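**Student:** following is a predicted model, sequence given first.
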Amino acid sequence: MLKILKEKLNKLTELSEEDSKEIFDSLKKAEKEYEQLDFKYKRATKEKSVLYSLLQKTSEDYALTFAKLKASEANYREVFNSVNDAIFIHHPITGQIIDANRKAEEMYGYSHDEMSDLDVISISADVCPYDREHAQIKIEKAVEGVPQIFEWLAKDKQGKIFWVEVNLQCAVIGEQASLMAVVRDITERKQAEGALNRRLELEKVLAEVSSLFLSIMNMDEALVSALEKLGIISNADSSYICFFREDGNNIARVHRWSRQPDPYRAEVMKNLSLDLVPHWAEKLRRREEVYIQNSSEVPVEHTRERELIDILNLAGMLLLPLFVGNHFIGFMGFSQYCETRHWNREDISIFRTASEIISSALERKKIEEELSKIQNIESLGILAGGIAHDFNNILTSILGNISLAKIYIDGDITETLDILTQAERACIRAKGLTQQLLTFSRGGAPIKKTGDIGEVLRESATFMLRGSSVRCEFYISPDIWGVEMDEGQISQVVGNLVVNAEQSMPEGGIIWVGAQNYVLKEDHTIPLAPGKYVRVWIKDSGVGISEEHMARIFDPYFTTKKKGSGLGLATAYSIIRKHQGHIMVESRQGQGSTFSFLLPASGKTFRTPVSAEKRGIGGGGKILLMDDDESVRDIGEKMLKRLGYSVECAKDGQEALMVYQSARQTGEPFDIVIMDLTIPGGMGGRETVERLLTLDPYARAVVSSGYSTDPIMSDYKHYGFQAVIPKPYTMNSLKDTLEEMLSGS
Amino acid sequence: MKQYSFTADSVEEILSKISDTMKNRFKPTVGIIFSSVRLGIEELSEGLAQFPIDVFGGSSCGEIMAGADGAKPITEGSVVVSLLDIPPSCYKLKLFKQDEISSFELGKRIGNWGKDQFEDFSFIIMICGLQNDGEQVIKGIFNSAGKTVPVYGGLTGDDGMFKKTYAFTTGDLTTQGAVVLALDNKKVIIDGIAISGWQGLGAEKTVTRSVNNVVYSIDNQPALELYKKYLGVHEKDLPNIGIEYPLLVKRDDGTEVLRAIIGIDGAANSLIFAGSVPEGAKVRFSSSPGFEPIERVKEDVIPLLDKTRDADILLLFNCMARHMALGPMIADEITETQEKWNCPMTGFFCYGEFGKNMAGNFDFYNETFNLVTLKFISD
C-alpha cells in the first residue's frame, strides 16, 4: 500500500526521491505505530474480556475459599475449645499469651481477655525450678524445633498451685512463629504417683525390717534398728516396742527410737502397765490396733487413757499388738507429740505387717532358744549316758546287796538296819543323780504311771530338807487328781526346786509346798491346751531372783551359786516339758520366789504301793536272767532266789537262747526271761527277744536297762517285751514286776 | 567463520540462493533452516539433498531473521536460512525418527548418541512439538548424558495449526522425532538465556488428574471446561488463546515453570500441554503483564551479552505465544537484541523452548525468549 502511495505521491507532486523516501519512511513508521496501536487495542479488548472473566472467577474462588476458611476457622475454634486439655499460644520470646482455649480459662480461672494480659510465668508457681529462668530454657529449645514435654507447677487465679504436664512446641500460626503449649492437669496422677511412691517406700522399709530379722545375731539391736526405720518412714516422733513380764500386764522391757532425745517419756513408758489403759488393753488383747488420730477424739469416759495422753502430751498414736503364738507378749507403737500426721489404712496395714514380722522373729527366736536349750542338754547326752549306764549297773549291785543284807540280818539289829537303810538311801540319791544325768543325755523320756503327786511332794521335799534349818509346810488338796508321771523324774524336779528354795534362805525359813486341782481355760500366758491339770507350787521367802537373771534361770549351766552345776532348773524345765506340762516362776528380789508347774491330770486312779518287806515275800517260778555284767547277774540271782524263784543266768543273748531252748526241750521251761538291753560285743535284749519269740511265741520277757532314755524302755511292748524294769531296781520293783507278769495282769 | 543468512518465500528461491552462494567460493558445511509448513517441508528436504550441506531444519510458527541485509525481523509463511562454514570436526548432526518410542526414550537416545560423538558437548535440538512432551525429552537426555549437558533448542511449529510439525535434514525428515546438532565444546562456545516475564494470576488450583502432558481435571473439574469458564472463551478459541494464558506450574522442588496448551481433546474434556503437568501439582493461570516481557528481555540479556559479545551467530527460539501476546511489539525485542550483538540472528517461533534460565538451569520452557549464542573457535 505504501509503495502504491509512494508512486502516486511521486506522480502528483513531483517530489524528489529523497523527499519521497522521507515521506515513505514516515508513513511506514506511522503504519507501524498504527499496527502497534491496533494490536494494543485489540489485545486490551481481548484481555479485558479474558482477564475480567479470570478475575471474576478468581473473586468467586476467593469468596468460596474465604467462606471455607471461615468455616474452617469456626471448626478450628470449635476443636480448639473442645479439647480437654488447656492450649496456649504464646510469643516465643516474651512469653506473652496470644490465645488460649476454653479449657485454659477453666483450668486457670481467667477469662479470655484476662489471659491476653498474662505471660506464661504469671500462670506458673514461679518457684525454682518452675520459674522464669527454667521456663526460658524450655522455650528456647522448643523454638529450635525440639518439642519439650515436661511437668510443671502451675498457679491459677486464686493462687492455688497444681501440677500440670506441658507439651511445648513451635508452631506457625497466622504466618507467625509462635509457641503452642498443650497443658494437662495431672493433679490426680501426681496424687496416685505419690501414693504409689509412698507404698513403695513403705514396702522397701518393710523388706529392710524383714531382712533385719532373717538372721538375728542380736535381737535387741535388730529391734532398735527396725524401730528407727519404721519411725522415720511413719513420720512419727517416736516408735517403740514394749514387752510384758510373765504377768502379761506390767512392762518388763522397752525398746524405743525417738526423733529427739526424750528421757522423760522413755522413763514413763518403763513403768507402764496395761491396767493404766484398760480400754486400749482390751483392744490389743483382741489383736486389734489402737489408733488415735487426734487426742481430742478419745472418749471422755476413757479417763485413764486421757490421763496418759496428757502425761505424754500425745497428739496422735498407733499401737499394734505383738503375739507369739497365743501369747500376748507386748505391743509396738508410734507416737506423735506436737502435731498430728495422718496415717491412712495403707500405712497402718504396712505397720501391722511389720509388727507381725517382729512377732514371727520373736517366736522363731524363742524356738531357737528352746532348741538351743535342748541341744545344750543333748550335748551332754552321750557322755552322761555312758557314765550313767555304768553307774547304774554298779548301783544295782550295791542296792541289791543292801536289800538282801536287810533281809538276811537276824535279830534286833536296829542300828545295823538303820545304817543299811541310810546306805540304801544314799544309793537312791545316787540313782537320782544318774537319773539327772540321763535326763540330760537324751531328755529322758519319762516312763509314766499314774501316781500321787502329793506323795511325791512329801517324800522328795522331806528328803531334801533332812538336817536343814528350813522346814516345809504342805498344802495338798485331799482330793488331788492322779497324775501320769515318771515318779523318779518328778521327784527330781521337786528335789531341785526345794534345794534351791532352801539355799535362798541361808538363815532358815519356811518353804510352802502345795498341790491343787486346776482347770486351765483359754489363757494367753500359759502355753498349754485348756483342760484338767494338777498345779504344784513351791514358795520360799528367800532372797528372790533379780530381773536380769529371770530370763536365764532355766538355761543349762546357768547358776548364781558359787558351787552349782547349773543343771537343776534346766532339768526341771526339761522334765516338766516332757510331761506336757509347764513350769513358771514369779520372783522379786528380796521378796522370795514361787516356782509352780502344771502337770496334766490323769483320768486314772492311783494305787499306793506297799513295801515288799511289809508285804512279805512270795514267788515261785523259773527265771532266766541275761546280763553282761557279772555283778548284776550275781545280785540279781540272789534277789530272785530270795524272792523264791529258781534262777539261771546267761551273759548274752546267744547264751540265753541256748539255755532257754535247752530248758524247753528238757521239759522245764522258763517262766520269765529278764534281759539286759545293751550287751556290748554280743546279742542285746532287742535282738534276743525277737529270736526268743520266734522260738517260743508265748515267751514272757522283761527288759531291764540303765538307759531309761532308750525308746525300748518306754515302748517295750512294741518290741515284744511284756514288762520293763529300769536299773537299779529294788526288791520291791523286781517282785512287783514279776508277780504282775506271772499273774497275767 | 563465514556465514550467509537470507529469507526466502519458496523452495525454489532457497535452492537457487544456496546454489548461487556455493558458486561464490563459499562452501558452507551447515545450514540452519526454519521454514513455514506452507512451503512444503518434504519438497524442501528433498531439494536440499543436492547440496553437500548438513541441514539442521525445523518447521515453524513464524520465522525470525535479523542483521541480514534487508531482512525483516519477523516473517510468516517463509523460510529463513543461515549457511555456516564450520569445521565438520566440531559438530555432528543426526535425525531421530521416534518409531513410537516415548519422549523420555527419545531423549535418552539423543543423550547416548551425543556421548558417543564428543567427550564434552552441547546439544541444539529441534523436537517435533505435537508428538512429544518436551519435559520428558530433556529428562531423557539428562538421564543418559548427565544433568550438566547444555541443551538448547525448541519444539517445531506449524503456523499455529497444531496439526503436524517437522524436523528435517538433508533428504530426510520426521514428524514425530527430532533433529539434533551436537557441538564439541572444545571448538564451539555456546551459551544462552531463556527469559519469560509471564506472571501468575488468580488462586492456586490443584491438578487432580493428569497423564504426562495431558491434563484431565483441575480441582476435580474437567480441565477444558475450567479453562473455558475461567478465560470466558469458547472451545473453538482454544488452544490458541490458551497459549497466551499458560498454567504456571509449581513443582515439588519449589521451582515454577510455564506450560502452554498446544491442543485440546473435546471428547475427554482434556488439555494437551507442551510439557508435563504432574498430577497433584499446584497451578495458577498466568498472563504477560502488558508488554513488560519485552522490557525484561532487553534487561536480562545484558549479562549474556557481557560474556558473549563476540558471538558469530545468534539463534533465537522464541515462543509463538509471545508473538500472539506481544504482537508487532515483539519485533523490537528481536531487533534490539540483535543490535546489541551486531551479528546475524536467525530463529523461529516455536511451540516450546529448551534453554538455560536466569538461575542457570537447563529445562524445557514455554513463553520464553530463548537466545543462543555461538562462537566457533578456529583450529
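**Tutor:** Arrived safely, thanks for sending.

**Student:** going forward, measure contacts between C-alpha atoms and count neighbours the same way
**Tutor:** Noted.

**Student:** residue B:31 against residue B:83, yeah?
**Tutor:** Yes. Using Cα atoms under 8 Å, residue B:31 is in contact with residue B:83, at 4.5 Å.

**Student:** residue numbers of chain B in contact with chain A?
**Tutor:** By Cα under 8 Å from any Cα of the partner chain, the residues of chain B that approach chain A are B:202-203, B:229-233, B:325, B:327-329.

**Student:** which pLDDT value goes with the closest residue to residue B:367 other than its chain neighbours?
**Tutor:** The shortest distance from residue B:367 to any non-neighbouring residue, by Cα to Cα, 6 or more residues apart in numbering or on different chains, is to residue B:319 (5.1 Å). Looking at residue B:319, its pLDDT is 92.

**Student:** kindly report the same for residue A:367.
**Tutor:** 72.

**Student:** and residue A:160, how far from chain B?
**Tutor:** Going from residue A:160 to chain B by Cα to the nearest Cα, to the nearest Å gives 51 Å.

**Student:** likewise for residue A:405?
**Tutor:** Taken as Cα to the nearest Cα, the span from residue A:405 to chain B is 135 Å.

**Student:** now do the SS call for that residue.
**Tutor:** Counting by DSSP: H, G, I helix; E, B strand; the rest coil, the backbone at residue A:405 sits in helix.

**Student:** residues in contact with it?
**Tutor:** Listed by Cα atoms under 8 Å, 6 or more residues apart in numbering or on different chains, the contact set of residue A:405 reads residue A:420.

**Student:** neighbouring contacts of the helix or strand harbouring residue A:502?
**Tutor:** Applying DSSP states H and E as the criterion places residue A:502 in helix A:487-503. Defining contact as Cα under 8 Å, 6+ apart, one finds that helix A:487-503 is touched by A:432, A:435-436, A:446, A:448-449, A:451, A:456-457, A:460-461, A:464-465, A:470, A:508, A:511, A:538-540, A:542, A:568-569, A:571-572, A:575-576, A:593, A:595.

**Student:** quick one on the thing from earlier: dihedrals phi and psi, the residue nearest to residue B:367?
**Tutor:** Main-chain dihedrals, residue B:319, degrees, to the nearest 10: phi -70, psi 130.

**Student:** thought it was touching residue B:364?
**Tutor:** No. With contact defined as Cα under 8 Å, residue B:319 does not reach residue B:364; the gap is 11.6 Å.

**Student:** common neighbours of these two, please.
**Tutor:** Common neighbours of residue B:319 and residue B:364 are listed as B:352-353 (criterion: Cα under 8 Å, 6+ apart).

**Student:** and residue A:50, what does it touch?
**Tutor:** Taking Cα under 8 Å, 6+ apart, one finds B:230-233 in contact with residue A:50.

**Student:** give me the domain ranges for the chain.
**Tutor:** If you meant another chain, say so; for now it's chain A. As given by automatic domain parsing, the domain ranges for chain A are A:2-80, A:85-185, A:196-358, A:445-600, A:617-742.

**Student:** could you do chain B instead?
**Tutor:** B:3-194+B:293-376, B:204-287.

**Student:** among those domains, which comes closest to residue A:60?
**Tutor:** Nearest to residue A:60, of all these, is domain B:204-287, at 10.6 Å by Cα to Cα.

**Student:** chain center to whichever helix or strand comes after the helix holding residue A:502, what's the gap?
**Tutor:** Per DSSP H and E, helix A:487-503 leads on to strand A:509-520 as the next helix or strand towards the C-terminus. Taking Cα atoms, centre = their mean, to the nearest Å, the mean C-alpha location of strand A:509-520 is offset from the chain mean by 36 Å.

**Student:** average pLDDT for strand A:509-520?
**Tutor:** Mean predicted confidence for strand A:509-520 is 93.

**Student:** now do the helix or strand that it is followed by: everything it contacts.
**Tutor:** Counting by DSSP H and E, the next helix or strand C-terminal to strand A:509-520 is strand A:531-539. For strand A:531-539, the external contacting residues (Cα under 8 Å, 6+ apart) are A:480-481, A:483, A:497-498, A:501, A:511-521, A:592-601.

**Student:** again, but for stretch A:711-728
**Tutor:** Residues outside stretch A:711-728 that contact it (Cα under 8 Å, 6+ apart): A:392-393, A:395-397, A:399, A:431, A:445-447, A:686, A:689-690, A:693, A:700-708, A:733-734, A:737, A:741.

**Student:** likewise for stretch A:207-222?
**Tutor:** A:225-226, A:229, A:255, A:354, A:357-358, A:361.

**Student:** before we move on, what about stretch B:356-366?
**Tutor:** So stretch B:356-366 is contacted by B:134-135, B:138, B:150-152, B:192-196, B:257-260, B:274-275, B:319, B:351-355, B:370 (Cα under 8 Å, 6+ apart).

**Student:** over to stretch A:184-202?
**Tutor:** A:85-86, A:107, A:162-166, A:233, A:346-347, A:350.

**Student:** hmm, 6 Å instead?
**Tutor:** Stretch A:184-202 has contacts (Cα atoms under 6 Å, 6 or more residues apart in numbering or on different chains) with A:85, A:163-165.

**Student:** and what of stretch A:95-103?
**Tutor:** A:80-81, A:86-90, A:116, A:118-120.

**Student:** show me the residues you listed that map onto helices.
**Tutor:** The helices, defined by DSSP state H, take in A:80-81, A:116 from those.

**Student:** for residue 268, grab the count of nearby residues.
**Tutor:** I'll assume chain A. 12 (other Cα atoms under 10 Å in any protein chain shown).

**Student:** was after chain B, sorry
**Tutor:** 13.

**Student:** next up, phi/psi of it, please.
**Tutor:** According to degrees, to the nearest 10, residue B:268 has phi -90, psi 0.

**Student:** contacting residues for the nearest residue to it once chain neighbours are set aside?
**Tutor:** Nearest non-adjacent residue to residue B:268, counting by Cα to Cα, 6+ apart: residue B:216, 7.2 Å away. The contact partners of residue B:216, taken as Cα under 6 Å, 6+ apart, are B:209-210, B:222-223, B:270.

**Student:** tell me the first helix or strand C-terminal of whichever helix or strand residue B:216 is part of.
**Tutor:** In this structure, residue B:216 sits in strand B:214-218 according to DSSP H and E. Sequence order places strand B:221-222 as the next helix or strand after strand B:214-218, per DSSP H and E.
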